[in-house]
Each structure stands twice: as structure tokens, then as C-alpha cells.
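Trainee: Let me see the structure of the following:
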Amino acid sequence: MDLTYNNHFLRTGKIKTFFFIGLCCLIAANSFGQQQRPKVGLVLSGGGAKGIAHIGILAAMEEAGLTPDYITGTSMGSIVGGLYAAGYSAAELKALVKRLDWGELLSNRIPFDKVTFEEKPYYGRYLLDFYVKGKKLQLPKGIIEGQGLMELFSSLTRPVHGITDFNNLPIPFACVGSNIVTGEPLLLNKGSLAMSMRASMAIPSIFTPVRIDDHLLVDGGLLRNMPVSEVIDMGADIIIGVFVSNDLDPEENLTSAVSILSQAAFITSAMDSRQQLAMCNVLIQPNLDGFATGSFNMASQILERGEEAGKAYVEIFRHLADSLRQFGPPRTVVKPVIQNEYIFDDVQVEGTDVIEKEFVLGKLQVKTGTSVSIDHIEERIRLIYGTLYFEKIWYEILGPKGHRILKISVVEHPRSQLRFSYHYDSENKGGIIANATLRNVLLKRSRLILEADLASYPRVTIDYFKYVGKNQNVALQTTGVYLKNELPAYDSIGNLNSLFSTNYATAGLRLQTTKFQSSAFGVEAKLSYMGLKPKIADEFLRSISKIQYSSTAFSLYYQFDNMNDRYFPTKGFKSEIRLSKTTRSSGKAEFGDTLTIRDEELGELLFTSSISAADVMILPIIPLNQRLSLLGKMRLRLSNLPANTLNLGDYDFIGGFTPGVINANEYLGVGTREFGLANYFYAKLGLQYKVRNNLYLQGIFNYLDAEHPVTWIYPNADVGKLGDRYSRFGYGGAVGFSSPIGPISFSFAKDHYRERWRASLMIGFTY
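Mentor: Next up, the predicted model:
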């Protein structure tokens, strides 16, 4: 049966009535002596974001009552075509495209709120990130791993997870990938539909390649962007092609080395596409001028262009459908039932090497023989990925009802990781951070971090984290921190009159929960040491050569953090409740004449009784609309510590934009770490406006009170002054920019009771 038409008329969008009649007559003429219904093949090309226009053509075919018998696709065409073949309607695909967060899907970064709580202190703080395999740095094979896409594909295709032959999908389907090793196109029509779609769209150097069996695959558009031959081989007689990509650029556009190189890379694909396009009976090329392959932020507009193109073909689709009905009713597409609850006979883990399967099974928390919701499975998959042990993780539900198998597939990260970043802020100067992260090196299910901040104020951190228990719901953590900084002292009106160089060291051991992605509670024991030497001193302090203080404390704590970003969150909630007791404290002061006064001689200068303290912090960020967020923060500290002693490690130091040391908190408008307080209340309220995807404006009001509500809650609290008063308030603003080289912000603020405005510049990855 030969159905080759003049494609020029068909792709102009100005379809003539005689062409409808010609098409119908041609089919009718061939019907004599032919009993089988001619098969319609739909071919969807690649084209990145422009492939969203395919949905408009599908909608037009549905309106006309025309159902394809076979579908092939490449890259974005494989995603739209694969989901349609699995039973999704054009309306469902349209709704999906509109609700997706394309920026998150196409990012290589795990959203901050999806990182497990124990990894949050380190995640998102580094500019460069390398894995080490053997003795060699493992450079990334692509910018984007595509975990977000795999999660999406796993979820959307779960009604057909058990169908491993794509000919058995509601509509038979195949897509194309490119074997980057052999340089040959590979037809993907068996196995995992989700993985096949992911492989077909793996744009070289943008997305990492996908391994399927013995093939290392990248974007099929590299070799076969318009798989017409493949749909003919499947049995299609009438070929409807939708092409959203471009041909080679004319000579006048080849004006740079980049344009020449890009043209050279696509010559093979473009020449092949010309041959494939010539085999289409109906060729549709939507008008996508002004859109690029990366225009996912314009998904709605691209969809509209696709719908416009589809409307121009509704009549020809309708006449074709009517003609095909001579051979019987059209193909019936039954979308498989999407279950939300499953009972599994077995749970399998595939792809582990260094990491134990028991680690995955324990974190997954899926019991065989009991009902499990898909929400639970996907939540636990995200939690496992958030541990940062894995490069990719996805799931499939296999087997018929009554014999269900949950299959978890993983790709492990190498055990060793090197991370580097930089930071500068005008209050704490700058530095270079080097981090080595080693997983499963000392013990199984463990993570060791060694980090050094090579800075004007250096810091060294050692952090060892070990999951324990069958389900890894609990962990032991031991940490050690050393930092060197400066502690200023101010007079009552905010003038600097003393400055100490400080050495601070702490060693801690904690037992905490790890069951939840965004929260943890536990117990901690901590040893602390602080040493101070005057650099600038008043007459009394000038005679002191050194002050040393050490303590032992135990605490119970609960922490929660589901912020969607570390530096510029637009929504989320963060909180901490900590009850602590210092059971031992001691100190000494050394004077210039070598006279040493020990703690028993310091009298009121050192509080040696046990210190009880309660700290509560809540930080909500509430989105008011897509661009505007309400910023809030409240912190309350209560303790039995006197207001003025040498127990410097037990005070909070308040003041500045980025206090930068342990036991320090912000208050905008005064000097850095200006107030040392044992009891206080702090509140901040502001608005943040997202000007663009990476530019933010903030207006902030903050309030600090050392007396109320402290004394209302704890009447025996010893209240210290905030300079010349007990309460203060200030106001200011900030401009923030999330740049490719890290966050940048400029902040300014004024304390209401002082004349001076203060400002701060922050560049890079602060703590």
C-alpha cells in the first residue's frame, strides 16, 4: 500500500478540501481486496523544550477520533510519546506540563528540603565537587544526573512497570538512543519504559549517559532524531510525523567558532532527518520561532503553539479516521489502573556494591505482605537519595497482582568525595574551604568528614557519623571543631573598646534519630574550651595576658528544617528546641606578671555551679504568592547564668549580619557580636520579593529584648543590658543574588537608637 503524498501541501497548514478527498479516496481505492485495516504510525522528533508542542498535535488527533497504532519518538518526543503510549491522554499531559517545576527537574542539585537532616549542615556549601575512584578524580559525565526526572518517570510509568515489551503497551511504542561507544542508534522497545525515555533524552555533556545492558546511551537525536524507519518496521502504513527540531543553519548564520562547531556536531543528525522526513505521509512542523531547546520556562507558550498547529490538521485527521472506520472500529486504548496501595511478596535491591542492600531495605521500610502506599515508597526513595550515598535511585513495581515485586535500582557514588568552596563577608573576612568526605571507609553505613577553612579566622572540623540498627533509624555522631576568631567588647553606646583573639574547641558525642528526612531529636554530651588573649584592651584588661574557660555539658534537643534553599529560601520552616545542663565549668586568668588567679580565687567572675538553659528557635518562611514571602524568626534563651562572668562559652553573642562563630546570633544594626547574653528574646519580621529566579530583595525589622518576656517566664533570670538599655529594635534591607559562583548579598541596617547605618557584603558559601 503506497500512501506517499506531496508533503509540501501538508506542512503548510493550509490544507485544501480536495486534499481531504484525495486522502480518503486513496485509502478507499486500496481497500478493494484488502481486509486489514491500514495502520497509522505517529513519529515525534526530539527538540528539547520545543517537544512540548507534540501534546497539541495529540490533542487534535483525539478531537478528530484518530488513534495511532504505533508511536516512535526521540528525546522529548520519546517522553511525550512514551507517556501517551502508556495510556495518558493529551489533557493529562497538558496538565502535567503546566504543573511541573522544570527548574527543579532539570537541576543537578537535590532540593535542600529533600536532603536528609544529617547531611544538611554540609549540603549546598561548595562550588566544586569531585568524586575519587581508585586514585583518580572522577569528572562528571554530564552536568545533570537527572534524578528528578527518574523519580518523575518512575512515578508516571508505574501502571506499566510490569510491561517489559513495549509492543504490549496500550499503544505499541519504541524510542531511540545513541550508543556513544559504537556510534550506532539503538532501538529501545523492551525493558524499563522509564529508563528508556531517560536514555533517549540524555543530551551529551548536559545529561549523564544511561547504561542499559551493555550499551552506554546518550540522546537518540544525535543519530536518529526522527525515527520514521522504526515505525515503518513496526508495521505502520500511514506515517504522521511531527518535527520540532531544526535543519542545518544557512551560511549567513555561521559567524563564529561556536556556531561552526555546533553545526558540525549535528550534520549527521540533520542529514538523517531529511531522509526520514521524506518518508512521512503527513508532516507537521509547528511554528516555534522564538523558542529554543532550553525554553522550559516558556512551556505554556510552546504548548499553545502546538495546539495552534494541531487545529490546522483536525479536519485531515477526522477524514483519515472516518476512512479507516471502513475497516472496523478504531483502536481502543485502555489506560492501566493506577494503584495507590500495593502488597508486595518481595522487595529486591539491584546495583549495590560497597553499600549493603540492608542499608537500602532498612531505610525503605517496606514490609512484605502488608499494604504500602505509593506515597510512602516515593517518600522513602527520596530519603535514601537524600543520604547522598547514591548517584541515582529509582523503583519499579513488577509482577501481577498477588505476586508483586518492588524492585529498587541504584547507582552508587564513589566512596570518596572532595569539595571546595570560598567565602567572604565584611564582618569575618574570607577563606577557602577544603572538604574530604569518605563514606563506608572506617565502618559500614558511616560517613567521615574532614574539613578545613583556610582563612583569616581558620576553622577545622572532624565529623564522623554512623548509622546503627537494622532500619538505620538511629545514628551515633562524634564531632570535633576548632576555630580561631575575634571577640570584640563595646561600651554602652556601641564603641569598640576591647578586642580579644579567641581559640575555641569543642568535642561532642550525640545519639540522634535518622528516621525522618527533615527532623531529628537526640541527646548530646559536649566538652568545650575557650581561650582569650587581649589585642585591644582598657586599663584593667591590659594587665591580663590570657583567660581560659572549659566546661562539660549535656543536652536534649529537637531540630526541624524543611527550607527549600540554604541561602535564599522562599518557603519552609526551621526550628530547634534544646534543654542543656553544664555540669562542670572551670577557668583561670593569667596576668602579665605571670600571676595566675584560678577559678576558686576568681570569686564572682566565674560561675562554677551547674548551669541550666533552655533555647527555643523558630524560623518560618511563608510564601504569600509566587514571588513574595513573609520572613520570620524568633529566638528565646533562658538560663540561670549570671549576666556578667567569665563563663564565655555559655553566653550567646548577639549582633551583626553574619556572626560567624559558635554561640553567636544576628541582630542587625549594631556591632558584630556586641552583646554577650545569658537570657534574651530576639524576633525578626520581613518581606522577601523574588525579582527574578535568582534575584531577591528583602526588607527587615528586628527586635532584641534582654528583659521581656524573659522575666515573665523566669522571674529569677539575671538580666544584662544591651548597651545603654534593655531592649532595642532596628530595621534594614538586603539585595541577594544566587549566582553561578555562589550566593552574593549586600545588607544594610540601622539600630533605632543609634545614628550610624551599618552594611555588610557577603560573597560565597558562608556557614
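Trainee: buried residues in the longest strand along the chain?
Mentor: Longest strand of the chain, by residue count under DSSP state E: strand 572-591. Buried residues in strand 572-591, counted by 16 or more other Cβ atoms under 10 Å: 572-574, 578, 580, 582, 585-589. (Glycine included, C-beta is placed from N, CA and C.)
Trainee: How about stretch 415-432?
Mentor: Buried, per 16+ other Cβ under 10 Å, within stretch 415-432: 415-417, 419, 421-428, 430-431.
Trainee: out of these, what pair is the most spread apart?
Mentor: Of all pairs drawn from the buried residues of stretch 415-432, the greatest distance, 38.6 Å, lies between Arg415 and Ser426 (Cβ to Cβ).
Trainee: okay, and the helix or strand of this structure with the least pLDDT?
Mentor: Across the helices and strands of the chain, the lowest-confidence element by mean pLDDT, DSSP states H and E is helix 7-11, at a mean of 39.
Trainee: out of the buried residues of stretch 415-432, which are inside strands?
Mentor: Going by DSSP E, the strands hold 416-417, 419, 421-425, 430-431 from these.
Trainee: any chance of those in CSV, with distance to Ile238 and pLDDT too?
Mentor: Shown next, in CSV, are those (distance: Cβ to Cβ, whole Å; pLDDT from 0 to 100):
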residue, distance to Ile238, pLDDT
Ser416, 56, 91
Gln417, 54, 92
Arg419, 55, 94
Ser421, 57, 95
Tyr422, 60, 95
His423, 62, 93
Tyr424, 65, 93
Asp425, 66, 90
Gly430, 67, 90
Gly431, 67, 93
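Trainee: Out of the residues you listed, which comes closest to Val231?
Mentor: Gln417 (44.4 Å).
Trainee: what is the closest one paired to in the beta sheet?
Mentor: Counting by DSSP bridges, Gln417 is bridged to Tyr131, Thr437.
Trainee: How much space separates it from Arg445?
Mentor: 16 Å (Cβ to Cβ, to the nearest Å).
Trainee: swap in Ser229?
Mentor: 50 Å.
Trainee: and these two? which has more neighbours close in?
Mentor: Arg445 (21 against 18; other Cβ atoms under 10 Å).
Trainee: my read: the more buried one touches Tyr467, true?
Mentor: Yes: when contacts are counted by Cβ atoms under 8 Å, Arg445 is listed as touching Tyr467 (4.1 Å).
Trainee: Which residues are in contact with each of those two?
Mentor: Common contact partners of Arg445 and Tyr467 (Cβ atoms under 8 Å, 6 or more residues apart in numbering): Phe359.
Trainee: if I pick Val244, what's in contact with it?
Mentor: Contacts of Val244 (Cβ under 8 Å, 6+ apart): 45-47, 50-51, 53-54, 76-77, 285-286, 288.
Trainee: Tyr726 too?
Mentor: Taking Cβ under 8 Å, 6+ apart, one finds 705-707, 719 in contact with Tyr726.
Trainee: Closest to Pro534 out of those?
Mentor: Ala706 (25.3 Å).
Trainee: What score does the closest one have for pLDDT?
Mentor: The model reports Ala706 with a pLDDT of 95.
Trainee: In contact with Pro227, which residues?
Mentor: Counted by Cβ under 8 Å, 6+ apart, Pro227 has contacts 43, 72-74, 174-176, 187, 220, 276.
Trainee: all strands for the stretch 101-250 of the chain, in order.
Mentor: 128-133, 136-138, 142-144, 173-179, 184-188, 205-207, 210-212, 215-219, 238-242 (DSSP state E, counting those that start in this stretch).
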